[in-house]
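# Here is my input; please provide its structure:
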Amino acid sequence: MTTPRTGEPGRRPGERGDLLDPRCPTRQLLDRIGTKWTSMAVKVLAEEAPDELRFAELRRRIPGISQKMLSVTMRSLARDGLVARRVEPTVPPAVHYRLTELGLSLEQPLAALRVWAETHMPEIDRSNRLADEAPSG
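A predicted model of the protein is given here:
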């Protein structure tokens, strides 16, 4: 049985949802914070905390991210309250980002996931090679 979503009848404030339900707010949040770009942005901003970074500097420090993807990622993080966004009224506007306290609290679990990935990458690579070499069927 699934738990009703926040704001639905029968749902108490603070009650956990059902992660397997696609409508579960927790699942939706994990979809947002579980991306590689979010993990990289949080890592870079955590390294600078409590200081801010400008958008262009963030982009330089995250190899491979497009301007559009960084913009989408940062807007999502700001909307969720993980990042504070400050805009200087210059031409063009200078946009600065820093992690909020909530955002800083996300760095530790994401760092643990990065360490796990780095530690187990040789095993994953080996498994992928074996799967690629195995006959189909």
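
# for this structure, longest helix please?
What stands out as the longest helix in the chain, according to DSSP state H, is helix 101-133.

# Mind listing what's buried along that helix?
For helix 101-133, burial by neighbour count (16 or more other Cβ atoms under 10 Å) applies to 103-104, 106-107, 110. From N, CA and C alone the C-beta is placed, and that goes for glycine too.

# Out of those residues, which is nearest to L53?
Nearest to L53 among the buried residues of helix 101-133, counting by Cβ to Cβ, is G103 at 12.6 Å.

# OK, contacts around the closest residue to that closest one other than its chain neighbours?
Spatially, and ignoring its direct neighbours in sequence, G103 is nearest to L82 (3.7 Å; Cβ to Cβ, 6 or more residues apart in numbering). Neighbouring residues of L82 by Cβ atoms under 8 Å, 6 or more residues apart in numbering: 33, 42, 99-100, 102-103, 106.

# Apply 7 Å and report the result again.
Counting by Cβ atoms under 7 Å, 6 or more residues apart in numbering, L82 makes contact with 99-100, 102-103, 106.
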